[in-house]
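**Q** Make a model of this:
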Amino acid sequence: MDKNFFCAERETDLTEKRRLDRQGQILSWLRLLSFFLSLLALAAAWDTGAVWLYLSAVALAACFTALLHRHSKLFEKRLLLESHISALSGFLARFSGEWHDFCVTGAAYLKDDIPQAQDLNLFGADSIYQYICAARTKAGRDRLAAALAPFPADCARAKRRQDAVKELIARPKLVLDLMASADLLPDGHDTEPLLSALQKNTQAPYTGTAFIAWVLPAALALAVGGAALSLIGWSAPALLILLQILIAFGLGSRTAKAQKPLAAMHRELRLYEHLFERLENSTFQSPHLAALQSQLKDGSAARSLHHLSVLAEHARTRHNLIFLLLANALYLSDLHFAYRIARWQEKAADRLGDWLNVWAEVEVLLSFSTIGLTRRTYTFPELLTDDAPHIDGKGLTHLLIPEEHAVPNDIETTAGTRIITGSNMSGKTTYLRTIASSCVLAYAGAPVPGEQMRLSPLHIFTSIRVTDDVAQGLSTFYAEILRIKSMMEFKKKNLPMLIVIDEIFKGTNSADRLIGAREAITRLTGENFITLVSTHDFELCSIETSAAPVTNWHFEESYENDKLLFDYKIKEGRCTTRNAQYLLKMAGIME
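**A** Modelled structure (predicted):
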């Protein structure tokens, strides 16, 4: 996608925002003017008794109310527009590199038992998660994190997601609209408390509540009418009002308990209603998006959320003691709304979780679409069903490297081990991360930066960013041994693996490193594994096994006018150059 699209959309939005600001200022002055004119008309009518002045005061008050309503709508429109601008700014930040400042990094998903996440920059600061995350809700963020797993959990689901993401990439305005609406939700919004509260009790406060809630207010209306016509005295309406107040406050704890979970959620429910309505009214071609839409339509999610948001609005107004007293005295409002909440629970509480899960899945799809919307070159990998390990990629680049600076590389390999040699800073580690992270994105159902990719299901194991652990008393060398051990343990399951090891056993002396590396590479070479190992030890380039082929790849550098140059392109064979002494001289450590 071209950056110019987002720039043009942002300029259009900023122009519209300026127009709304001017309109808002005009409405503010008109509101103020109509308010004071209505007061003046009322005061003049009080002094003169002129009917036309009373009518003018009423008309001006009505005008003030209409302007107030219009200003409120304008404020909501402006709020959504600002959110839309924010979504556009997020995309532009991905082009400019300012995405590193995004607050949502996914650091909470880093786990000691999944070192691949840290090795491949899946979570945390400057991570793939930070780059792509468009999820606003906790459920959406959790689902996105679960999708970025180093294991091929569900390739069929990944293929469904691919088709859905393709459609979203082709409809950037829909993506922006959904992101903008979702951005109005509280950051990391957690719906679990609401779901728990609504699904606990699906019964009306008491049997006969609905009957009482309708009969007594109807009797009060008749009594007031009778008293007004002098058919009965006013004591009857007064007694009925007192009775309704006693009933309302007698059942107060029960009815308040039914409404309390909604009181703090009225705004969020309105926003979910808008999101569901947008999804229900869209036309989708991809089976996955159509299925998600069908889940919402079958249960009339938007309409059901509208009813619930009305109930939530009432629950919020219970904090107004005057309203609470009058509404219950005249209408037994608490009983009515408690009963309506119970009825809503009976009909829709079980579906609410499914609807919110639909939105969480949509947030995952929106997140994946950011890749295609911010890269000119990307591909949807072909997920093979073969058990035989296979990776075939053309022009692959790392998502976290700006596209204009990224050097594309290829890979075509089946079972076996590839020993990768090359000088310092030549690109070995970046290449390993590019291959492994591309596989993670492919298994999640996301597009991959590159021209083409085909791969079979592979369980990804890495040993890249290995450090010591003072608290546990682990040296870097022993920490790497534990990584290699976990690979050998998983090997016993006889499942296809992609094994990525950077600078194998770099934490120990050269003699022990060579002995240990030869043994580890030999044992991690087999017909069910693709093993990629980078090293500075050329002695490892001569390893041979009968289990599967061991071949050599390398990166190289060149020198021009006393400058060290890299092309960062993978090549066949072993490296024949070294640059450590040159780098030491550049740093002034050697002469």
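
**Q** Tell me which residues are up against stretch 146-157.
**A** Residues from elsewhere that reach stretch 146-157, judged by CB atoms under 8 Å, 6 or more residues apart in numbering: 114, 116-117, 120, 122-123, 128-129, 158, 364, 383, 385, 436, 440-441, 443-446, 457-462. For every residue, glycine as well, the C-beta is placed using N, CA and C.

**Q** Buried only: go through those residues for me.
**A** 114, 116-117, 120, 122-123, 128-129, 158, 364, 383, 436, 440-441, 443-446, 457-462 (16 or more other CB atoms under 10 Å).

**Q** Sitting in strands, which of those do you find?
**A** If you go by DSSP state E, the buried ones among the contacts of stretch 146-157 have 383, 459-462 in strands.

**Q** hang on, Ala125 in a helix?
**A** No. Counting by DSSP: H, G, I helix; E, B strand; the rest coil, Ala125 is not found in a helix; it is coil.

**Q** For it, which non-adjacent residue is spatially closest?
**A** Excluding the flanking residues, the one nearest Ala125 by CB to CB, 6 or more residues apart in numbering is Thr105, at 5.3 Å.

**Q** Now do the contacts for the one you found.
**A** By CB under 8 Å, 6+ apart, the neighbours of Thr105 are 123-125, 127, 129-130.

**Q** Farthest pair within those residues?
**A** Across these, no pair lies farther apart than Ala125 and Tyr129, at 10.1 Å, counting by CB to CB.

**Q** tell me, how many neighbours does the closest residue to Gly445 other than its chain neighbours end up with?
**A** Leaving aside its chain neighbours, Gly445 sits nearest to Arg161 (2.8 Å; criterion: CB to CB, 6+ apart). Burial of Arg161 is recorded as 23 neighbouring residues (other CB atoms under 10 Å).

**Q** Now for Arg161: which residues touch it?
**A** Arg161 neighbours (CB under 8 Å, 6+ apart): 288, 364-365, 368, 444-446.

**Q** Could you rerun that using 10 Å?
**A** 147, 154, 286, 288-289, 361, 364-365, 368, 380, 444-446 (CB atoms under 10 Å, 6 or more residues apart in numbering).

**Q** gap between it and Thr531?
**A** Per CB to CB, to the nearest Å, Arg161 is found 29 Å from Thr531.

**Q** Lowest average confidence across helices and strands of this protein, where is it?
**A** Within the chain, no helix or strand scores below helix 580-586, which has a mean of 60 by mean pLDDT, DSSP states H and E.

**Q** quick one on the thing from earlier: in a markdown table, list the contacts of Thr105 along with pLDDT.
**A** A markdown table is the format used below for those (pLDDT from 0 to 100):
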| residue | pLDDT |
| --- | --- |
| Phe123 | 97 |
| Gly124 | 96 |
| Ala125 | 95 |
| Ser127 | 97 |
| Tyr129 | 98 |
| Gln130 | 98 |
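
**Q** Take those residues and write them to JSON lines, including distance to Lys394.
**A** Converted to JSON lines, those look like this (distance: CB to CB, whole Å):
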{"residue": "Phe123", "distance to Lys394": "28"}
{"residue": "Gly124", "distance to Lys394": "29"}
{"residue": "Ala125", "distance to Lys394": "31"}
{"residue": "Ser127", "distance to Lys394": "25"}
{"residue": "Tyr129", "distance to Lys394": "26"}
{"residue": "Gln130", "distance to Lys394": "27"}
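
**Q** Just give me the neighbour total for Ile501.
**A** Neighbours of Ile501 (other CB under 10 Å): 28.

**Q** and it, backbone torsions?
**A** phi -130, psi 120 (degrees, to the nearest 10).

**Q** That one and Ile481 touch, don't they?
**A** No. Between Ile501 and Ile481 there is no contact under CB atoms under 10 Å: 11.9 Å.

**Q** which outside residues touch whatever helix or strand Ala221 lives in?
**A** Per DSSP states H and E, Ala221 falls inside helix 209-228. For helix 209-228, contacts defined as CB under 10 Å, 6+ apart pick out 203-206, 208, 231-241, 243-244, 247-248, 251, 254-255, 329-340, 342-343.

**Q** List the buried residues of that helix.
**A** Neighbour-count burial for helix 209-228 [16+ other CB under 10 Å]: 209-210, 212-213, 216-217, 220, 223-224, 227.

**Q** if we can go back for a sec, tabulate the ones in strands among the buried ones among the contacts of stretch 146-157 (CSV), appending pLDDT and distance to Lys493.
**A** Below are these laid out as CSV (pLDDT from 0 to 100; distance: CB to CB, whole Å):
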residue, pLDDT, distance to Lys493
Leu383, 95, 21
His459, 96, 8
Ile460, 97, 14
Phe461, 97, 12
Thr462, 96, 17
